[in-house]
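Enquirer: Everything below, folded, please.
(one chain, ligands or ions: 1)
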Amino acid sequence: MSRSIIIKKPGGPEVLELTDTKVGSPGPNEIKITNLAIGLNYIDTYHRSGLYSLPMPSGIGLEAAGKIDEVGANVKEFNKGDNVAYASMPIGAYAQQRIIPEKIAVKIPDGINHKVAASLMTKGLTTNYLLSKTYHLKAGETVLFHAAAGGVGQIFAQWANSIGANVIGTVGSDEKIKIAKEHGYKHVINYSKMKFEEEVMKLTNNVGVPAVFDGVGKKTFKGSLACLRPRGMLISFGNASGPLDPVNVPKDIQSKSLFLTRPTIGHYFTNREELQAGADEIFEKVKFGKIKIKIFKEYKLEDAKKAHEDLESRKILGPAILIP
Ligand SMILES: NC(=O)c1ccc[n+]([C@@H]2O[C@H](COP(=O)([O-])OP(=O)(O)OC[C@H]3O[C@@H](n4cnc5c(N)ncnc54)[C@H](OP(=O)(O)O)[C@@H]3O)[C@@H](O)[C@H]2O)c1
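Expert: This next block holds a predicted model:
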């Protein structure tokens, strides 16, 4: 049996229920894994609330790191005892033990522990594709990233700095300004107090930035468009403040010949080889000190409700994990 969190209907953090689930044996191309650390991600709240709908009842969580207990038939890349991590569907990472398809797992190299691996698979893979595949960030450029002190935000600026780029960050409180600066943001704007679009235009001599990375969504969308220079790109990769309103293309996009994309991680890492290569780049950066991961908080698995409450009330100041 595995202690797991399930949801029987969408709703607030109170719908997260601890239960015992039977795990069984892995089938062909599957591995059975004991999760030693589980990544807490904002997307988990979308699954829980029903913003991203799931068939019910459902497990929850996409990301964890652990050790393989058993491999099924035809498993080629892994053996019992291997340290692995994953960050994608099928849902159900909030669990002590589970079975996952081999194709979603990556090997964790020596020198990276399970807690760090669980903190940076989703956030690191997201950063990786955002600044190297969605937008090719170059040395000397200055771009804007919203929610700079958050999980993805803390990795993004460090990675951008490692390739010689500068990042302007936004945060929702003065406490978070210091955190964002410590993680490499050159300028940090408290968007709860100031109009970030006006500040960005001042910082760029009224030119605007070539790219805005916007995981906040509803509240920042219009301002993000206003920060872009002609032919700039708005990368709308999340909706922490709510889903976007419909876009008026002639007014919002055509006015500056802008590019707008709404990327998701699964479209950038489409097979196990791409996934392992993407994860290895992140692991290397951590091993060589280019990216430092400071885990903000560890919650017990049974405290998942509290973890979601903290995440949605903007109290989480960096990567957080659940320990089964
Ligand atoms: N598309 C993809 O492939 C992909 C993959 C991973 C993550 N994401 C997205 O990336 C974003 C960041 O994810 P994360 O897990 O690292 O979360 P996070 O940044 O640690 O937390 C979300 C942050 O959003 C900000 N925020 C602004 N308005 C908010 C509101 N009304 N309610 C709650 N938070 C609000 C808060 O920072 P402030 O207080 O500083 O405003 C909060 O800390 C999320 O939108 C997530 O869905 C997308």
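
Enquirer: so S4, which of the three states?
Expert: strand (DSSP: H, G, I helix; E, B strand; the rest coil).

Enquirer: Report the contact partners of it.
Expert: S4 makes contacts with L18, T19, D20, T21, G59, G92, Y94, A95, Q96, R98, as judged by Cβ atoms under 8 Å, 6 or more residues apart in numbering. (Each C-beta comes from the backbone N, C-alpha and C, glycine too.)

Enquirer: If you rank these by neighbours, which is first?
Expert: Of all the contacts of S4, Y94 has the most neighbours under the rule other Cβ atoms under 10 Å, reaching 29 neighbours.

Enquirer: what does stretch 250-269 contact?
Expert: So stretch 250-269 is contacted by 87-89, 122, 125-126, 129-130, 133-134, 222, 225, 228-237, 247, 274-275, 278 (Cβ under 8 Å, 6+ apart).

Enquirer: Within reach of the ligand, which of the residues you listed are there?
Expert: T122, T126, F237 (Cβ under 6 Å from any ligand atom).

Enquirer: Could you verify that the first one is part of a helix?
Expert: Yes: T122 forms part of a helix when assessed by three-state DSSP.

Enquirer: mind listing which of the contacts of S4 are in strands?
Expert: Using DSSP state E, the members of these that fall in strands are L18, T19, D20, T21, G59, R98.

Enquirer: how about the nearest residue to the fourth one, chain neighbours excluded?
Expert: Residue nearest to T21 in three dimensions, not counting chain neighbours: S4, with 4.7 Å by Cβ to Cβ, 6 or more residues apart in numbering.

Enquirer: Show me which residues of the stretch 51-200 of the chain are close to the ligand?
Expert: Counting by Cβ under 6 Å from any ligand atom, the stretch 51-200 of the chain sits next to the ligand at 122-123, 126, 147, 149-153, 171-173, 176.

Enquirer: and the residues you listed, which are buried?
Expert: Listed as buried from those are T122, K123, T126, A147, A149, G150, G151, V152, G153, V171, G172, K176; burial here means 16 or more other Cβ atoms under 10 Å.

Enquirer: CSV please, covering these and showing pLDDT and secondary structure.
Expert: Output for these, formatted as CSV (pLDDT from 0 to 100; DSSP: H, G, I helix; E, B strand; the rest coil):
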residue, pLDDT, secondary structure
T122, 97, helix
K123, 97, helix
T126, 98, helix
A147, 98, coil
A149, 97, coil
G150, 96, coil
G151, 96, helix
V152, 97, helix
G153, 98, helix
V171, 98, strand
G172, 98, coil
K176, 98, helix
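
Enquirer: Which one of the ones next to the ligand among the contacts of stretch 250-269 is nearest to I104?
Expert: Each of those was checked against I104 using Cβ to Cβ; the closest is T122, at 12.0 Å.

Enquirer: so that closest one makes contact with Y86?
Expert: No: if you go by Cβ atoms under 8 Å, T122 and Y86 don't touch, sitting 9.6 Å apart.

Enquirer: Check whether the residue lying closest to K218 once chain neighbours are set aside sits in a helix, strand or coil.
Expert: The shortest distance from K218 to any residue other than its chain neighbours is 3.7 Å, reached at G242 (Cβ to Cβ, 6+ apart). On the three-state scheme (three-state DSSP), G242 is labelled coil.
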